[in-house]
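Asks: sequence first, predicted model second:
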Amino acid sequence: MLFCTARMDGPTLKHDWIDLDGHRGSYALLSPKPHKETAIVFVHGYGGDSIKTWLEFQFLIDSLADEYPWYSGCDLFFYKYDGISSHIPASADSFLAFIRDIFPIPRRDLLDTDVQDFPGDFQSAAYEYYRTLLPNQYKHLVLVGHSIGGVVLRMAIWTVLRNAHQILIDEGVHNCDDSEFIKVEPLLGSDLCLFAPANLGVNFTGLLGVIANTRMIGTLLINWLRPVQAAYSDLSSDLPILDDVRKYTEEYSERFPSVLALRARVLWATTEKVVVMWQYKWDGPVEYCKDVTHTEVCKPTPEFRRPLEFVSYAQQRRAQAS
């Protein structure tokens, strides 16, 4: 389904909102600017949603375009997945299938553009316009995750690094360097931005409090959550999932420091109560926000712009350097 330059009781959005074929519930906000080089992919967390988790981003990148012009030349993609009842390795695998359709060369039929919604005289022009919204290739990728979405991203990155390493070994390259990894797997050159990630596990009491505000309350919630929620069990049990991802990510990050995707930038709320608050060994310096909660830390407002700055500043520095 196509949402063309939507109006929602406010100024016209400058990015075009378009659903993505083959990825139900996922969609893109595409910039009409030519020569686009950057794709930003957003991954929500436990009980989150591809729309509601990131809704503030969607409006503010255009309403504050004069102050944050970098976003106007970027395409934004919002990934939808089952962040509750699916195990995290399965979610990471599904995410990789999603990202393969986007980066570095977007699938040419990725956009679900039903021009039948337009009057007959405009259908041909509409089709040509939306066909040009996707560039032939993206040069840069920014991966943005909130809460369990951060774990999904780190597991996906570890998976592609392991696969790239095996490809190099099969080709007889046993003493590979950073550039060879990124050449085999461009995803490893992405900028990784994590809001309050659950990389080290969750606080069960704090997580219950978040879900109780959105789904149900009391003992019914506890009985519902513990036995059936696969994502929660991955983060709270004695399974080695989190330890393994952290161990190998840290090991390879030390060996290959220029593989950017192994070294996340992390932004925390100082009042964090839902997830265990810390970082991987070689991640960037920890950053904090005051007066926001676990669910608010990734939601910019006209008064709270830190999330907009956090996602954009590494790529802006890279653009200035070049």
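Replies: Cool, the structure landed.
Asks: where do the strands sit along the stretch 151-300 of the chain?
Replies: 191-195, 265-269, 287-289 (DSSP state E, counting those that start in this stretch).
Asks: of all the ones you listed, which one is nearest residue 87?
Replies: strand 191-195 (19.9 Å; CB to CB). For every residue, glycine as well, the C-beta is placed using N, CA and C.
Asks: who's in contact with the closest one?
Replies: 140-147, 150, 153-154, 157, 260-267, 297-298, 307, 310-311, 314-315 (CB atoms under 8 Å, 6 or more residues apart in numbering).
Asks: returning to what we had before: now mean neighbour count, distance to residue 88 and mean pLDDT too, for the strands of the stretch 151-300 of the chain, in a markdown table please.
Replies: Output for the strands of the stretch 151-300 of the chain, formatted as a markdown table (neighbours: other CB atoms under 10 Å; distance: least, CB to CB, whole Å; pLDDT from 0 to 100):
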| stretch | mean neighbour count | distance to residue 88 | mean pLDDT |
| --- | --- | --- | --- |
| strand 191-195 | 26 | 14 | 96 |
| strand 265-269 | 21 | 18 | 95 |
| strand 287-289 | 16 | 24 | 94 |
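Asks: got these as TSV, with distance to residue 242 columns?
Replies: Compiled in TSV, the strands of the stretch 151-300 of the chain are given as follows (distance: least, CB to CB, whole Å):
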stretch	distance to residue 242
strand 191-195	14
strand 265-269	15
strand 287-289	22
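Asks: among those strands, which is nearest residue 59?
Replies: strand 191-195 (17.7 Å).
Asks: may I have the phi/psi pair for residue 78?
Replies: phi -120, psi 110 (degrees, to the nearest 10).
Asks: distance from the chain centre to the longest helix along the chain, please.
Replies: If you go by DSSP state H, the chain has its longest helix at helix 148-170. Relative to its chain's centre, helix 148-170 lies at 15 Å (CA atoms, centre = their mean, to the nearest Å).
Asks: keeping just the C-alphas, turn it into PDB.
Replies: What follows is helix 148-170, C-alpha atoms only, in PDB (Å, rounded to 0.1, in the frame of the first residue of the first chain):
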ATOM      1  CA  ILE A 148      15.600  -5.800  22.400                       C
ATOM      2  CA  GLY A 149      16.000  -4.400  19.000                       C
ATOM      3  CA  GLY A 150      19.600  -3.700  20.000                       C
ATOM      4  CA  VAL A 151      20.100  -7.400  20.700                       C
ATOM      5  CA  VAL A 152      18.500  -8.300  17.300                       C
ATOM      6  CA  LEU A 153      21.000  -6.000  15.600                       C
ATOM      7  CA  ARG A 154      24.000  -7.300  17.500                       C
ATOM      8  CA  MET A 155      23.100 -10.900  16.800                       C
ATOM      9  CA  ALA A 156      22.600 -10.100  13.100                       C
ATOM     10  CA  ILE A 157      26.000  -8.400  12.900                       C
ATOM     11  CA  TRP A 158      27.700 -11.200  14.600                       C
ATOM     12  CA  THR A 159      26.000 -13.700  12.200                       C
ATOM     13  CA  VAL A 160      27.200 -11.800   9.100                       C
ATOM     14  CA  LEU A 161      30.700 -11.400  10.400                       C
ATOM     15  CA  ARG A 162      31.000 -15.100  11.100                       C
ATOM     16  CA  ASN A 163      29.700 -15.900   7.600                       C
ATOM     17  CA  ALA A 164      32.100 -13.400   6.100                       C
ATOM     18  CA  HIS A 165      35.000 -14.900   8.000                       C
ATOM     19  CA  GLN A 166      34.100 -18.400   6.700                       C
ATOM     20  CA  ILE A 167      33.900 -17.000   3.100                       C
ATOM     21  CA  LEU A 168      37.400 -15.600   3.400                       C
ATOM     22  CA  ILE A 169      38.700 -18.900   4.900                       C
ATOM     23  CA  ASP A 170      37.100 -20.800   2.000                       C
END
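Asks: nothing else from me, thank you.
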